[in-house]
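Fold the following and give me the result.
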Amino acid sequence: MVYQDAEKHDRPPAVKHRRKRGDRFVMHPLLTNLRRLKLGIRLLSGFLLVALLPTIVLCGITYVGAREQILLGEERSSLRMAQYLSSELSALLRSYPATLNTFASDMAVIRLIRNYRKADALEAKALQYELMGRLISEASSMRGFMSMEIITDEGDSISKLPFSIMHDELFQRISKSEDKFAFWVGQYRWGDLYPAASISQRDKTVALAARRIIDYANVKLMGYILIALDCTELEHLLPRDLGTRFVVSDAQGAVLAALGEDASVSVQLASDLSMRQMSDALESSTLQHAGENHLIITGPIPYSPYRLTLAIPYSHMLSGLGAMFRLVLFVALCIALLMFAIAFCLTRSITVPVSRLSSAVRRFGDGDFQTRVGDSATDEIGLLCNDFDEMASRVLQLTEQLYEAQKKEKDAVYTALQAQINPHFLYNTLDMISWMGYGTSNHDICRVVESLSDFFRLSLNKGEESFTLQDELHHVKSYIIIQEYRMRDIHFQIIAPEPLLSIPVPKLIVQPLVENAIQHGLKPRGGQGSITIRCCKVNDCLQISVHDDGVGFDASHLPERLAKSSGYGIRNIRERLSILYGGKEQLTLLHHPGSGTEAIVQIPILHTAMEPKEVPTDENPDSR
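Alright, predicted model coming up:
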């Protein structure tokens with residue numbers, strides 16, 4: 001991979017995807033609107049949202065769960081109550097048909113009725129009294145008894161206890177039935193059946209049951225027996241549960257008994273349920289009734305044509321939940337107030353020091369270098385304030401130091417110039433150290449000191465900016481000798497044809513490349529390897545290459561390598577060559593995968609007037 005004049009032509013494209021200085025950071029509109037609010041308001045709102053949202057969600061989940069559990073418990077308890085009431089009502093309603101079946105099957109009763117049909121008036125009267133006695137005997141043990149009557153097959157009353165309630169319409173209804181055993185005729189208003197009833201008795205609802213009386217010996221219909229049940233007795237079996245409505249009705253929706261606040265509502269409920277087909281067992285459902293949802297438990301009463309219905313408003317079932325929810329809401333409100341107080345304190349603990357720091361930064365920007373925040377807290381904001389105070393103190397100190405440095409700048413420049421007036425003092429001192437090394441027979445010290453003396457002498461070059469290629473290579477050779485004592489596993493080689501040694505070149509263009517190869521190529525691999533310096537002529541240009549077999553470099557790391565190069569590094573060489581040759585020079589970095597890096601400098605040849613001097617073309621002296 002080749003990089004032509006890397007610093008000039010191959011700058012990394014990072015500027016294409018980095019935000020330029022001065023560009024405004026574009027935020028989402030929502031974030032922009034949030035940034036319009038003060039920091040304290042944002043923090044307080046965030047704290048409250050994070051703290052209260054889980055509380056609200058937990059209260060909602062608790063409320064829904066409690067509601068479901070309450071409804072499920074109410075449904076189960078209502079089903080158990082309905083089963084118990086259904087069995088109690090069934091026992092009462094079943095007793096009336098059973099009594100009729102027993103009475104109508106009694107042969108003595110059949111014989112009395114048969115004799116009654118043949119007897120004269122006086123004997124018939126006696127038979128009536130005897131039948132009435134039997135009726136009294138049966139009715140004495142019956143709950144809710146209102147009336148019992150025996151009639152002929154033509155509708156004439158034979159015996160009644162205590163009143164006769166038979167009329168033509170009722171007789172037609174009974175006679176049309178094909179049931180062989182006792183059956184329920186229907187429910188009636190007692191005042192309609194017995195007009196002479198007292199005012200308190202007229203509005204009572206009675207249920208009528210009937211049974212044919214058949215003379216099985218002659219297979220002949222003898223008559224009918226009719227009994228009336230006071231439906232108030234059914235209401236006595238129903239519990240007085242406030243809020244729950246109990247209705248006993250038939251398949252057509254006629255109400256026998258009901259407990260509730262409004263009788264018309266019970267009638268409407270029975271009418272609505274009559275549109276549903278009666279199931280074989282108790283079932284629960286939800287019904288919208290009277291503008292409110294109700295839990296409906298309904299099912300047949302065994303051994304009767306009637307159904308039992310329990311209607312429980314949801315508001316009644318959830319009345320306790322409302323009180324619990326109000327308690328939970330009160331507790332949640334108290335928690336919210338406590339969280340608000342905590343969030344307010346936390347917010348103030350952040351916004352107050354931030355505001356103080358912001359004010360101090362503004363004063364500092366206006367030139368008040370004496371301003372301090374003075375926050376003694378040990379949290380992150382306190383550390384930031386302390387860092388600002390230390391920075392302000394440091395800036396004040398640096399400002400004072402800069403003022404003192406400006407005062408001493410002329411003295412420093414004068415001292416530096418004075419040190420360069422007589423550089424021979426340095427050379428003489430190095431020569432003295434060298435002779436001292438000879439005196440002690442320490443040739444290594446002598447050799448290093450001599451190389452260092454040559455290195456400095458050639459670097460200064462009496463203030464001249466250029467010398468010959470031979471001088472440049474001699475300067476590099478002095479540097480190499482010094483480096484060999486530091487890194488003994490590095491081998492150097494200089495290859496330069498003699499005709500090129502007299503070509504003028506800028507000083508210090510090869511030694512920085514050699515130093516760069518050691519620092520970035522060989523030093524990472526433990527200071528082992530070789531460096532080859534090769535000079536040649538290409539067209540009308542002098543080409544100098546420095547090749548190492550070190551670790552090489554990644555193309556993406558070239559800017560970093562250029563930035564970290566030494567003072568007389570690649571950047572310095574490129575700038576000096578550009579000034580001297582006006583763009584006709586060329587600096588190239590070649591990366592050879594697996595075999596290191598090669599730096600190539602190519603400059604125009606201006607003249608070759610000097611006579612070349614001999615430069616060793618083999619490995620460096622003292623090669624190991």
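
which stretches of the stretch 201-350 of the chain form helices?
232-237, 263-274, 314-317, 319-365 (DSSP state H, counting those that start in this stretch).

And the pLDDT for residue 15?
Residue 15 carries a pLDDT value of 39.

With residue 143 instead?
pLDDT for residue 143: 88.

Doesn't it lie inside a helix?
No: applying DSSP: H, G, I helix; E, B strand; the rest coil, one finds residue 143 to be coil, outside a helix.

what about the closest residue in space to it that isn't next to it in sequence, how many neighbours?
Excluding the flanking residues, the one nearest residue 143 by C-beta to C-beta, 6 or more residues apart in numbering is residue 233, at 5.5 Å. Heads up, the C-betas are built off the backbone N, CA and C, glycines and all. A count of nearby residues for residue 233, using other C-beta atoms under 10 Å, gives 18.

to the chain's geometric centre, what's the distance from the longest helix that the chain contains?
Assignment by DSSP state H gives helix 39-104 as the longest helix of the chain. Taking the mean of its C-alpha atoms, helix 39-104 sits 33 Å from the chain's own mean (C-alpha atoms, centre = their mean, to the nearest Å).

could you give the angle of that helix to helix 319-365?
Angle of helix 39-104 versus helix 319-365, following axes from the mean of the first three to the mean of the last three C-alpha atoms, to 10 degrees, is 170 degrees.

Would you mind saying which of the helices of the stretch 201-350 of the chain lies nearest residue 202?
helix 232-237 (13.1 Å; C-beta to C-beta).

quick one: low-confidence parts of the stretch 401-550 of the chain?
Per-residue confidence for the stretch 401-550 of the chain (pLDDT under 70) gives these ranges: 410-466.

can you give me the helices in it?
Using DSSP H, counting those that start in this stretch, helices in the stretch 401-550 of the chain cover 424-439, 443-460, 469-486, 511-517.

I'd like the helices of the stretch 201-350 of the chain as a markdown table, with mean pLDDT appended.
As requested, those are exported to a markdown table (pLDDT from 0 to 100):
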| stretch | mean pLDDT |
| --- | --- |
| helix 232-237 | 87 |
| helix 263-274 | 78 |
| helix 314-317 | 80 |
| helix 319-365 | 81 |
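
so which of these gets nearest residue 306?
Of all these, it is helix 232-237 that lies closest to residue 306, at 8.9 Å by C-beta to C-beta.

what helices or strands is the closest one leaning on?
Contacts defined by 3 or more C-beta pairs under 8 Å, 6 or more residues apart in numbering; DSSP states H and E place helix 232-237 against helix 39-104, strand 255-259.

outside of that helix, which residues touch it?
If you take C-beta atoms under 8 Å, 6 or more residues apart in numbering as the criterion, helix 232-237 is touched by 85, 88-89, 92-93, 143-144, 204-205, 248, 256-259.

which parts of that helix are buried?
Residues 233-235, 237 are the ones in helix 232-237 that count as buried (16 or more other C-beta atoms under 10 Å).

which stretches of the stretch 101-250 of the chain form strands?
Remark: strands assigned in the stretch 101-250 of the chain by DSSP state E, counting those that start in this stretch are 145-152, 157-161, 183-189, 205-215, 220-230, 245-250.

With mean neighbour count and distance to residue 320 added, can I get those in a markdown table?
Output for the strands of the stretch 101-250 of the chain, formatted as a markdown table (neighbours: other C-beta atoms under 10 Å; distance: least, C-beta to C-beta, whole Å):
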| stretch | mean neighbour count | distance to residue 320 |
| --- | --- | --- |
| strand 145-152 | 23 | 42 |
| strand 157-161 | 20 | 50 |
| strand 183-189 | 17 | 37 |
| strand 205-215 | 22 | 35 |
| strand 220-230 | 22 | 37 |
| strand 245-250 | 24 | 19 |
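
For residue 108, which of those is the nearest?
Nearest of those (C-beta to C-beta): strand 205-215, 12.0 Å.

CA-only coordinates of that closest one in CSV, if you can.
What follows is strand 205-215, C-alpha atoms only, in CSV (Å, rounded to 0.1, in the frame of the first residue of the first chain):
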residue,chain,number,x,y,z
THR,A,205,-100.8,-14.9,45.2
VAL,A,206,-101.8,-18.6,45.4
ALA,A,207,-100.6,-21.5,43.4
LEU,A,208,-103.2,-24.2,42.5
ALA,A,209,-102.6,-27.9,42.2
ALA,A,210,-105.2,-30.5,41.0
ARG,A,211,-105.6,-34.2,40.6
ARG,A,212,-108.1,-36.4,38.9
ILE,A,213,-110.1,-38.9,41.1
ILE,A,214,-110.7,-42.1,39.2
ASP,A,215,-112.7,-45.1,40.2
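
Any chance of the strands of the stretch 101-250 of the chain in CSV with distance to residue 592 as columns?
Formatted as CSV, the strands of the stretch 101-250 of the chain follow (distance: least, C-beta to C-beta, whole Å):
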stretch, distance to residue 592
strand 145-152, 123
strand 157-161, 131
strand 183-189, 114
strand 205-215, 115
strand 220-230, 117
strand 245-250, 100
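
what separates residue 156 from residue 149, distance-wise?
Per C-beta to C-beta, to the nearest Å, residue 156 is found 11 Å from residue 149.

same check, this time on residue 279
Per C-beta to C-beta, residue 279 is found 36 Å from residue 149.

Residue 592 now?
Using C-beta to C-beta, we find residue 592 at a distance of 129 Å from residue 149.

Of all the helices and strands packed on helix 232-237, which one is nearest residue 354?
Per C-beta to C-beta, nearest to residue 354 of the helices and strands packed on helix 232-237: helix 39-104, 6.6 Å.

The closest one to strand 145-152, inter-axis angle?
Using the same axes, to 10 degrees: helix 39-104 against strand 145-152 is 40 degrees.

Correct me if wrong: residue 348 contacts residue 44.
No: the criterion here is C-beta atoms under 8 Å, and residue 348 misses it with residue 44 at 9.1 Å.

Which one's more surrounded, those two?
Using other C-beta under 10 Å as the criterion, residue 348 and residue 44 rank with residue 44 on top: 19 against 13.

domain ranges for the chain?
Partitioning the chain according to automatic domain parsing yields domains covering residues 105-234, 489-604.

Would you tell me which of those domains gets closest to residue 99?
Among the domains of the chain, domain 105-234 sits nearest to residue 99 (C-beta to C-beta), with 5.6 Å.

Quick one: distance of the closest one to the chain centre.
78 Å.

show me the contacts for the closest residue in space to residue 536 that isn't next to it in sequence.
Distances taken as C-beta to C-beta, 6+ apart put residue 543 closest to residue 536, at 5.3 Å, once the chain neighbours are dropped. Counting by C-beta under 8 Å, 6+ apart, residue 543 touches 535-537, 600-602.

got a list of what the closest residue to residue 134 other than its chain neighbours touches?
Nearest non-adjacent residue to residue 134, counting by C-beta to C-beta, 6+ apart: residue 109, 6.3 Å away. Residue 109 makes contact with 103, 131, 134, 213 under the criterion C-beta under 8 Å, 6+ apart.

Would you mind measuring from residue 109 to residue 349?
100 Å.

same question, residue 135
Between residue 135 and residue 349 the distance is 95 Å, computed by C-beta to C-beta.

Look at these two and report which has more neighbours.
Neighbours per residue (other C-beta under 10 Å) separate residue 135 from residue 349, with residue 135 holding more: 22 against 14.
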